[in-house]
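Colleague: Next input, structure requested:
(one chain, ligands or ions: 2)
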Amino acid sequence: MSIDLTDPSTAGGVDPELAAFIEGLPKAELHVHLEGTLEPELKMALAERNGIELPEKTVEEIRATYRLESLTAFLTIYYPAMRVLVTADDFHDLALAYLTKARSQGVVHAEMFFDPQAHTSRGVPFDTVISGYRRACITAERELGMTTRLIMCFLRDMQPEYAMATLMEALPYKEWIIAVGLDSDERDNPPSKFAEVFARARQEGFLVTSHCDIDQPGSIDHIRQALHDIGVDRIDHGTNIVEDPTLVDLARQRGIGFTCCPISNEFVTGDMKAGPISDLLRSGVRVTCNSDDPSYFGTYITENFLALAGAADLSTSEVLQLARNAFEVAWLSPTQRDVHLATLDAYAAERGVSLPT
Ligand code: HPA
Ligand code: ZN
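Modeller: Ligands and ions are numbered 1, 2, ... in the order given. Okay, here's the model as predicted:
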(Lines give C-alpha, C1' and ligand atoms only; values in the text may rest on other atoms or scores of the structure.)
(Ligands and ions follow the chains in the order given, each with its own letter.)
Protein backbone atom coordinates (compact mmCIF):
# COMPACT_ATOMS: atom_id res chain seq x y z
CA MET A 1 0.00 0.00 0.00
CA SER A 2 1.36 3.39 -0.92
CA ILE A 3 -0.53 5.37 1.72
CA ASP A 4 0.25 5.20 5.41
CA LEU A 5 -3.14 3.98 6.59
CA THR A 6 -2.06 4.10 10.21
CA ASP A 7 -1.74 7.89 10.07
CA PRO A 8 -5.29 9.24 10.16
CA SER A 9 -4.15 12.68 9.05
CA THR A 10 -2.97 11.36 5.69
CA ALA A 11 -4.81 8.06 5.31
CA GLY A 12 -6.70 7.72 2.10
CA GLY A 13 -5.60 11.17 0.97
CA VAL A 14 -9.01 12.63 1.86
CA ASP A 15 -9.30 16.36 2.41
CA PRO A 16 -8.80 17.52 6.00
CA GLU A 17 -12.40 18.65 6.43
CA LEU A 18 -13.76 15.24 5.44
CA ALA A 19 -11.10 13.54 7.59
CA ALA A 20 -12.22 15.60 10.61
CA PHE A 21 -15.86 14.72 9.86
CA ILE A 22 -14.94 11.01 9.76
CA GLU A 23 -12.87 11.14 12.94
CA GLY A 24 -15.69 12.71 14.94
CA LEU A 25 -18.51 10.61 13.45
CA PRO A 26 -20.50 8.54 15.93
CA LYS A 27 -19.94 5.01 14.58
CA ALA A 28 -21.31 1.50 14.85
CA GLU A 29 -18.79 -1.30 14.29
CA LEU A 30 -20.45 -4.48 13.04
CA HIS A 31 -17.51 -6.58 11.86
CA VAL A 32 -14.70 -7.06 14.31
CA HIS A 33 -13.28 -10.35 15.59
CA LEU A 34 -12.36 -10.03 19.25
CA GLU A 35 -9.52 -12.50 18.71
CA GLY A 36 -8.39 -10.24 15.86
CA THR A 37 -7.92 -7.33 18.24
CA LEU A 38 -5.00 -8.98 20.06
CA GLU A 39 -2.27 -6.35 19.89
CA PRO A 40 1.34 -7.57 20.17
CA GLU A 41 1.78 -5.75 23.49
CA LEU A 42 -1.18 -7.55 25.05
CA LYS A 43 -0.13 -10.87 23.54
CA MET A 44 3.25 -10.49 25.22
CA ALA A 45 1.69 -9.47 28.56
CA LEU A 46 -0.78 -12.38 28.53
CA ALA A 47 1.96 -14.87 27.65
CA GLU A 48 3.93 -13.64 30.65
CA ARG A 49 0.90 -13.68 32.95
CA ASN A 50 0.12 -17.29 31.96
CA GLY A 51 3.72 -18.55 31.90
CA ILE A 52 3.56 -19.31 28.18
CA GLU A 53 6.78 -19.23 26.23
CA LEU A 54 6.49 -17.47 22.88
CA PRO A 55 9.01 -17.95 20.08
CA GLU A 56 9.09 -14.16 19.70
CA LYS A 57 10.91 -12.23 22.39
CA THR A 58 9.83 -8.67 21.61
CA VAL A 59 6.69 -6.81 20.57
CA GLU A 60 8.39 -6.00 17.26
CA GLU A 61 9.04 -9.69 16.64
CA ILE A 62 5.38 -10.46 17.31
CA ARG A 63 4.30 -7.64 15.01
CA ALA A 64 6.54 -9.07 12.30
CA THR A 65 4.57 -12.34 12.44
CA TYR A 66 1.36 -10.40 11.72
CA ARG A 67 2.12 -10.51 8.01
CA LEU A 68 -0.24 -12.04 5.56
CA GLU A 69 -1.28 -11.88 1.98
CA SER A 70 -4.22 -14.24 1.74
CA LEU A 71 -7.06 -15.36 3.97
CA THR A 72 -5.48 -18.79 4.40
CA ALA A 73 -2.05 -17.32 5.27
CA PHE A 74 -3.70 -15.01 7.76
CA LEU A 75 -5.64 -17.80 9.46
CA THR A 76 -2.51 -19.91 9.94
CA ILE A 77 -1.01 -17.11 12.07
CA TYR A 78 -4.25 -16.05 13.66
CA TYR A 79 -5.40 -19.22 15.43
CA PRO A 80 -2.09 -20.27 17.07
CA ALA A 81 -1.73 -16.72 18.48
CA MET A 82 -4.80 -17.32 20.64
CA ARG A 83 -3.10 -19.75 23.00
CA VAL A 84 -2.13 -16.83 25.25
CA LEU A 85 -5.84 -16.46 26.08
CA VAL A 86 -6.50 -18.76 29.02
CA THR A 87 -8.51 -17.21 31.85
CA ALA A 88 -11.74 -15.21 31.92
CA ASP A 89 -9.62 -12.17 32.84
CA ASP A 90 -7.63 -12.63 29.62
CA PHE A 91 -10.79 -12.57 27.51
CA HIS A 92 -12.08 -9.62 29.50
CA ASP A 93 -8.86 -7.63 29.07
CA LEU A 94 -8.76 -8.36 25.33
CA ALA A 95 -12.33 -7.17 24.76
CA LEU A 96 -12.06 -4.15 27.02
CA ALA A 97 -8.85 -3.01 25.30
CA TYR A 98 -10.64 -3.19 21.96
CA LEU A 99 -13.77 -1.41 23.24
CA THR A 100 -11.68 1.37 24.79
CA LYS A 101 -9.77 1.87 21.54
CA ALA A 102 -12.98 1.76 19.49
CA ARG A 103 -14.64 4.32 21.77
CA SER A 104 -11.69 6.66 21.21
CA GLN A 105 -12.49 6.48 17.48
CA GLY A 106 -16.15 7.42 17.96
CA VAL A 107 -17.63 3.91 18.16
CA VAL A 108 -20.80 4.07 20.27
CA HIS A 109 -22.10 0.63 19.33
CA ALA A 110 -20.01 -2.50 18.76
CA GLU A 111 -21.11 -5.95 17.58
CA MET A 112 -18.21 -8.31 18.08
CA PHE A 113 -17.54 -11.79 16.76
CA PHE A 114 -15.91 -14.42 18.89
CA ASP A 115 -14.76 -17.94 18.00
CA PRO A 116 -15.51 -20.26 20.94
CA GLN A 117 -14.16 -23.31 19.11
CA ALA A 118 -10.74 -21.69 18.81
CA HIS A 119 -10.65 -21.96 22.58
CA THR A 120 -12.74 -25.02 23.49
CA SER A 121 -10.70 -27.06 21.00
CA ARG A 122 -7.60 -26.39 23.13
CA GLY A 123 -9.31 -27.08 26.46
CA VAL A 124 -10.54 -23.63 27.51
CA PRO A 125 -14.14 -23.96 28.76
CA PHE A 126 -16.90 -22.12 26.90
CA ASP A 127 -17.94 -20.45 30.17
CA THR A 128 -14.47 -18.94 30.62
CA VAL A 129 -14.60 -17.33 27.18
CA ILE A 130 -18.12 -15.95 27.34
CA SER A 131 -17.86 -14.80 30.96
CA GLY A 132 -14.75 -12.74 30.24
CA TYR A 133 -16.20 -11.17 27.11
CA ARG A 134 -19.54 -10.49 28.78
CA ARG A 135 -17.88 -8.72 31.73
CA ALA A 136 -16.04 -6.41 29.30
CA CYS A 137 -19.32 -5.61 27.56
CA ILE A 138 -20.94 -4.65 30.86
CA THR A 139 -17.98 -2.44 31.80
CA ALA A 140 -18.04 -0.73 28.39
CA GLU A 141 -21.77 -0.11 28.64
CA ARG A 142 -21.43 1.40 32.10
CA GLU A 143 -18.15 3.24 31.87
CA LEU A 144 -17.74 4.07 28.19
CA GLY A 145 -21.42 4.73 27.44
CA MET A 146 -21.50 2.23 24.58
CA THR A 147 -24.00 -0.41 23.53
CA THR A 148 -22.51 -3.80 22.69
CA ARG A 149 -23.48 -7.20 21.29
CA LEU A 150 -21.66 -10.52 20.95
CA ILE A 151 -21.93 -12.72 17.84
CA MET A 152 -20.81 -16.33 18.15
CA CYS A 153 -19.08 -17.67 15.03
CA PHE A 154 -18.69 -21.29 14.05
CA LEU A 155 -15.44 -22.34 12.41
CA ARG A 156 -16.52 -23.39 8.93
CA ASP A 157 -13.48 -25.60 8.36
CA MET A 158 -14.59 -27.82 11.24
CA GLN A 159 -17.43 -30.33 11.22
CA PRO A 160 -21.06 -29.20 11.47
CA GLU A 161 -21.48 -31.62 14.42
CA TYR A 162 -18.93 -29.58 16.38
CA ALA A 163 -20.78 -26.38 15.46
CA MET A 164 -24.04 -27.94 16.66
CA ALA A 165 -22.42 -29.04 19.93
CA THR A 166 -21.10 -25.49 20.38
CA LEU A 167 -24.58 -24.10 19.77
CA MET A 168 -25.93 -26.44 22.47
CA GLU A 169 -23.19 -25.30 24.85
CA ALA A 170 -24.18 -21.69 24.21
CA LEU A 171 -27.86 -22.11 25.04
CA PRO A 172 -27.55 -21.30 28.75
CA TYR A 173 -25.88 -18.01 27.71
CA LYS A 174 -28.46 -17.11 25.08
CA GLU A 175 -29.22 -13.74 26.62
CA TRP A 176 -25.61 -12.66 26.09
CA ILE A 177 -25.35 -13.65 22.41
CA ILE A 178 -27.40 -11.83 19.78
CA ALA A 179 -26.54 -13.90 16.72
CA VAL A 180 -24.51 -16.70 15.21
CA GLY A 181 -22.15 -16.43 12.25
CA LEU A 182 -19.63 -18.38 10.19
CA ASP A 183 -15.94 -17.58 9.80
CA SER A 184 -12.49 -19.10 9.15
CA ASP A 185 -11.47 -20.80 5.89
CA GLU A 186 -14.21 -20.60 3.26
CA ARG A 187 -12.61 -22.85 0.66
CA ASP A 188 -14.85 -25.93 0.26
CA ASN A 189 -16.86 -24.83 3.29
CA PRO A 190 -20.07 -23.28 1.93
CA PRO A 191 -22.85 -21.93 4.19
CA SER A 192 -25.06 -24.92 3.21
CA LYS A 193 -22.69 -27.19 5.18
CA PHE A 194 -24.19 -25.58 8.30
CA ALA A 195 -27.84 -25.38 7.21
CA GLU A 196 -29.08 -27.52 10.11
CA VAL A 197 -27.05 -25.59 12.67
CA PHE A 198 -28.37 -22.27 11.38
CA ALA A 199 -31.96 -23.58 11.39
CA ARG A 200 -31.61 -24.70 15.00
CA ALA A 201 -29.98 -21.39 15.96
CA ARG A 202 -32.88 -19.53 14.41
CA GLN A 203 -35.36 -21.72 16.34
CA GLU A 204 -33.52 -20.83 19.53
CA GLY A 205 -33.98 -17.13 18.79
CA PHE A 206 -30.55 -16.17 17.46
CA LEU A 207 -30.17 -13.86 14.48
CA VAL A 208 -28.00 -15.18 11.67
CA THR A 209 -25.09 -13.87 9.65
CA SER A 210 -22.32 -15.47 7.60
CA HIS A 211 -18.94 -14.47 6.27
CA CYS A 212 -18.88 -14.56 2.49
CA ASP A 213 -15.25 -13.63 2.05
CA ILE A 214 -13.90 -11.72 -0.92
CA ASP A 215 -12.98 -13.50 -4.16
CA GLN A 216 -13.24 -17.02 -2.79
CA PRO A 217 -13.79 -20.00 -5.09
CA GLY A 218 -17.59 -20.12 -5.27
CA SER A 219 -18.15 -16.70 -3.66
CA ILE A 220 -21.31 -15.94 -5.60
CA ASP A 221 -22.78 -19.41 -4.93
CA HIS A 222 -22.07 -18.98 -1.25
CA ILE A 223 -23.82 -15.60 -1.24
CA ARG A 224 -26.78 -17.16 -3.05
CA GLN A 225 -26.95 -19.97 -0.47
CA ALA A 226 -26.70 -17.51 2.41
CA LEU A 227 -29.61 -15.46 1.04
CA HIS A 228 -31.83 -18.21 -0.34
CA ASP A 229 -31.10 -21.34 1.69
CA ILE A 230 -29.95 -20.03 5.06
CA GLY A 231 -31.98 -16.80 5.06
CA VAL A 232 -29.28 -14.72 6.72
CA ASP A 233 -30.08 -11.36 8.29
CA ARG A 234 -26.72 -9.90 7.26
CA ILE A 235 -23.63 -10.87 5.25
CA ASP A 236 -20.07 -10.25 6.40
CA HIS A 237 -17.98 -8.93 3.48
CA GLY A 238 -20.08 -10.31 0.57
CA THR A 239 -19.34 -7.65 -2.04
CA ASN A 240 -18.91 -10.30 -4.74
CA ILE A 241 -22.70 -10.00 -4.88
CA VAL A 242 -22.16 -7.35 -7.58
CA GLU A 243 -21.54 -10.28 -9.95
CA ASP A 244 -25.27 -11.08 -9.88
CA PRO A 245 -27.64 -8.12 -10.23
CA THR A 246 -30.70 -10.20 -9.28
CA LEU A 247 -29.08 -11.03 -5.95
CA VAL A 248 -28.25 -7.35 -5.47
CA ASP A 249 -31.94 -6.53 -6.01
CA LEU A 250 -32.94 -9.20 -3.52
CA ALA A 251 -30.48 -7.92 -0.89
CA ARG A 252 -31.73 -4.35 -1.42
CA GLN A 253 -35.39 -5.42 -1.11
CA ARG A 254 -34.70 -7.35 2.07
CA GLY A 255 -32.57 -4.54 3.53
CA ILE A 256 -29.67 -6.94 4.09
CA GLY A 257 -26.65 -5.30 5.71
CA PHE A 258 -23.16 -5.96 4.31
CA THR A 259 -20.32 -5.53 6.78
CA CYS A 260 -17.43 -4.46 4.56
CA CYS A 261 -13.81 -4.14 5.68
CA PRO A 262 -11.77 -2.27 3.05
CA ILE A 263 -8.33 -2.57 4.62
CA SER A 264 -8.83 -6.26 5.36
CA ASN A 265 -9.76 -6.66 1.68
CA GLU A 266 -6.55 -4.90 0.69
CA PHE A 267 -4.50 -7.25 2.86
CA VAL A 268 -6.08 -10.50 1.78
CA THR A 269 -6.79 -9.78 -1.90
CA GLY A 270 -4.53 -6.83 -2.74
CA ASP A 271 -7.60 -4.71 -3.50
CA MET A 272 -9.73 -2.67 -1.11
CA LYS A 273 -12.78 -3.36 -3.31
CA ALA A 274 -13.68 0.31 -3.07
CA GLY A 275 -15.45 0.04 -6.47
CA PRO A 276 -17.97 -2.67 -5.52
CA ILE A 277 -18.49 -1.20 -2.03
CA SER A 278 -19.24 2.29 -3.35
CA ASP A 279 -21.38 0.94 -6.24
CA LEU A 280 -23.51 -0.93 -3.71
CA LEU A 281 -23.67 2.11 -1.43
CA ARG A 282 -24.75 4.36 -4.29
CA SER A 283 -27.39 1.87 -5.41
CA GLY A 284 -29.04 1.85 -1.99
CA VAL A 285 -27.70 -1.42 -0.60
CA ARG A 286 -26.94 -1.15 3.10
CA VAL A 287 -23.17 -1.50 3.11
CA THR A 288 -21.19 -0.55 6.20
CA CYS A 289 -17.51 0.08 6.97
CA ASN A 290 -15.64 -1.94 9.62
CA SER A 291 -12.24 -3.09 10.83
CA ASP A 292 -12.32 -6.96 10.85
CA ASP A 293 -9.03 -7.88 12.58
CA PRO A 294 -7.62 -4.50 13.56
CA SER A 295 -4.45 -5.58 15.35
CA TYR A 296 -3.39 -7.71 12.39
CA PHE A 297 -4.10 -5.01 9.83
CA GLY A 298 -2.74 -2.23 12.05
CA THR A 299 -5.86 -0.13 11.54
CA TYR A 300 -9.17 0.40 13.32
CA ILE A 301 -12.51 1.71 12.05
CA THR A 302 -11.56 5.34 11.45
CA GLU A 303 -8.69 4.33 9.18
CA ASN A 304 -11.10 2.09 7.27
CA PHE A 305 -13.51 4.97 6.71
CA LEU A 306 -10.64 7.22 5.62
CA ALA A 307 -9.17 4.63 3.27
CA LEU A 308 -12.52 3.88 1.67
CA ALA A 309 -13.51 7.54 1.37
CA GLY A 310 -10.20 8.25 -0.35
CA ALA A 311 -10.22 5.25 -2.67
CA ALA A 312 -13.90 5.56 -3.66
CA ASP A 313 -13.94 9.36 -3.66
CA LEU A 314 -16.91 9.42 -1.30
CA SER A 315 -18.65 12.71 -0.61
CA THR A 316 -19.34 13.78 2.97
CA SER A 317 -23.01 12.87 2.42
CA GLU A 318 -22.02 9.39 1.27
CA VAL A 319 -19.82 8.93 4.33
CA LEU A 320 -22.81 9.90 6.45
CA GLN A 321 -24.94 7.32 4.61
CA LEU A 322 -22.30 4.66 5.29
CA ALA A 323 -22.28 5.46 9.00
CA ARG A 324 -26.10 5.62 9.12
CA ASN A 325 -26.45 2.23 7.38
CA ALA A 326 -24.55 0.62 10.26
CA PHE A 327 -27.00 1.90 12.89
CA GLU A 328 -29.92 0.91 10.67
CA VAL A 329 -28.79 -2.71 10.26
CA ALA A 330 -27.35 -3.05 13.77
CA TRP A 331 -29.03 -5.47 16.15
CA LEU A 332 -30.25 -2.80 18.55
CA SER A 333 -33.54 -2.41 20.36
CA PRO A 334 -35.80 0.23 18.75
CA THR A 335 -35.07 2.64 21.62
CA GLN A 336 -31.31 2.18 21.41
CA ARG A 337 -31.43 2.60 17.65
CA ASP A 338 -33.38 5.84 17.97
CA VAL A 339 -30.89 7.20 20.50
CA HIS A 340 -27.88 6.43 18.29
CA LEU A 341 -29.54 7.72 15.13
CA ALA A 342 -30.51 10.94 16.88
CA THR A 343 -26.88 11.43 17.96
CA LEU A 344 -25.65 10.80 14.43
CA ASP A 345 -28.26 13.06 12.85
CA ALA A 346 -27.43 15.87 15.31
CA TYR A 347 -23.72 15.50 14.52
CA ALA A 348 -24.43 15.80 10.78
CA ALA A 349 -26.91 18.67 11.17
CA GLU A 350 -24.43 20.70 13.26
CA ARG A 351 -22.02 20.44 10.34
CA GLY A 352 -24.61 21.13 7.66
CA VAL A 353 -24.30 17.62 6.19
CA SER A 354 -27.33 15.77 4.85
CA LEU A 355 -27.80 12.36 3.30
CA PRO A 356 -27.29 11.97 -0.48
CA THR A 357 -30.40 12.92 -2.47
N1 HPA B 1 -12.78 -14.13 7.28
C2 HPA B 1 -12.82 -15.38 7.76
N3 HPA B 1 -12.42 -15.68 8.97
C4 HPA B 1 -11.94 -14.71 9.73
C5 HPA B 1 -11.87 -13.42 9.29
C6 HPA B 1 -12.34 -13.10 8.01
O7 HPA B 1 -12.36 -11.94 7.56
N8 HPA B 1 -11.33 -12.70 10.29
C9 HPA B 1 -11.11 -13.54 11.32
N10 HPA B 1 -11.47 -14.77 10.98
ZN1 ZN C 1 -14.22 -11.16 9.46
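Colleague: What residues does this structure have near ligand 1?
Modeller: Residues of the chain that fall close to ligand 1, judged by C-beta under 6 Å from any ligand atom: 33, 36, 71, 183-184, 211, 213, 264, 292-293. To be clear about C-beta, it is placed using only N, CA and C from the backbone, and glycine gets the same treatment.
Colleague: swap the cut-off to 5 Å and go again
Modeller: 33, 183-184, 211, 213, 293 (C-beta under 5 Å from any ligand atom).
Colleague: Only the buried members of those residues: can you turn that into a ChimeraX selection?
Modeller: Selection of buried members from the residues of the chain next to ligand 1 for ChimeraX, criterion 16 or more other C-beta atoms under 10 Å:
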select :33,183,184,211,213,293
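Colleague: of the residues of the chain next to ligand 1, closest to residue 195?
Modeller: Closest to residue 195 out of these is residue 211 (15.7 Å), distances taken as C-beta to C-beta.
Colleague: Now do the same contact list for the closest one.
Modeller: 153, 156, 181-183, 186, 235-237 (C-beta atoms under 8 Å, 6 or more residues apart in numbering).
Colleague: And the strands in the stretch 101-250 of the chain?
Modeller: Taking DSSP state E, counting those that start in this stretch, the strands of the stretch 101-250 of the chain run over residues 107-114, 147-155, 179-183, 207-212, 234-237.
Colleague: Given the shortest one, what are its sheet partners and their directions?
Modeller: Pointing back at strand 234-237 there. Strand pairing for strand 234-237, using DSSP bridges, gives strand 207-212 (parallel), strand 257-260 (parallel).
Colleague: try the third one
Modeller: Paired neighbours of strand 179-183 in the sheet (DSSP bridges): strand 147-155 (parallel), strand 207-212 (parallel).
Colleague: Show the average pLDDT along stretch 96-113.
Modeller: Taken as a whole, stretch 96-113 has a mean pLDDT of 98.
Colleague: Return the set of buried residues in that stretch.
Modeller: Of the residues in stretch 96-113, 96-99, 101-103, 105-113 count as buried by neighbour count, 16+ other C-beta under 10 Å.
Colleague: same question, stretch 280-292
Modeller: Buried residues in stretch 280-292, counted by 16+ other C-beta under 10 Å: 280-281, 285-292.
Colleague: What is the end-to-end distance of it?
Modeller: The straight-line separation of the ends of stretch 280-292 (C-alpha to C-alpha, to the nearest Å) is 19 Å.
Colleague: Now do that stretch: distance to the chain's middle.
Modeller: Taking C-alpha atoms, centre = their mean, to the nearest Å, one finds the center of stretch 280-292 at 13 Å from the center of the full chain.
Colleague: Tell me which stretches of the stretch 251-357 of the chain form strands.
Modeller: In the stretch 251-357 of the chain, the strands defined using DSSP E, counting those that start in this stretch lie at 257-260, 286-289.
Colleague: export those strands to TSV and tack on mean pLDDT?
Modeller: What follows is the strands of the stretch 251-357 of the chain, written out as TSV (pLDDT from 0 to 100):
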stretch	mean pLDDT
strand 257-260	99
strand 286-289	98
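Colleague: The residue in the chain positioned nearest to ligand 1 and residue 28, how far apart?
Modeller: Closest contact between the chain and ligand 1, by C-beta to the nearest ligand atom, is at residue 183 (3.6 Å). According to C-beta to C-beta, to the nearest Å, residue 183 and residue 28 sit 19 Å apart.
Colleague: try residue 73
Modeller: Distance, residue 73 to residue 28, by C-beta to C-beta: 30 Å.
Colleague: Same check on residue 276?
Modeller: To residue 28, residue 276 is 21 Å away according to C-beta to C-beta.
Colleague: Quick check: residue 145 touching residue 106?
Modeller: No: here residue 145 does not reach residue 106: they are 12.0 Å apart, not a contact under C-beta atoms under 8 Å.
Colleague: now the residues of the chain next to ligand 1 in a markdown table, with distance to residue 241?
Modeller: Output for those, formatted as a markdown table (distance: C-beta to C-beta, whole Å):
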| residue | distance to residue 241 |
| --- | --- |
| 33 | 22 |
| 183 | 18 |
| 184 | 21 |
| 211 | 13 |
| 213 | 12 |
| 293 | 22 |
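Colleague: From the residues of the chain next to ligand 1, pick the one nearest residue 16.
Modeller: Among these, residue 293 lies closest to residue 16 (C-beta to C-beta), at 28.4 Å.
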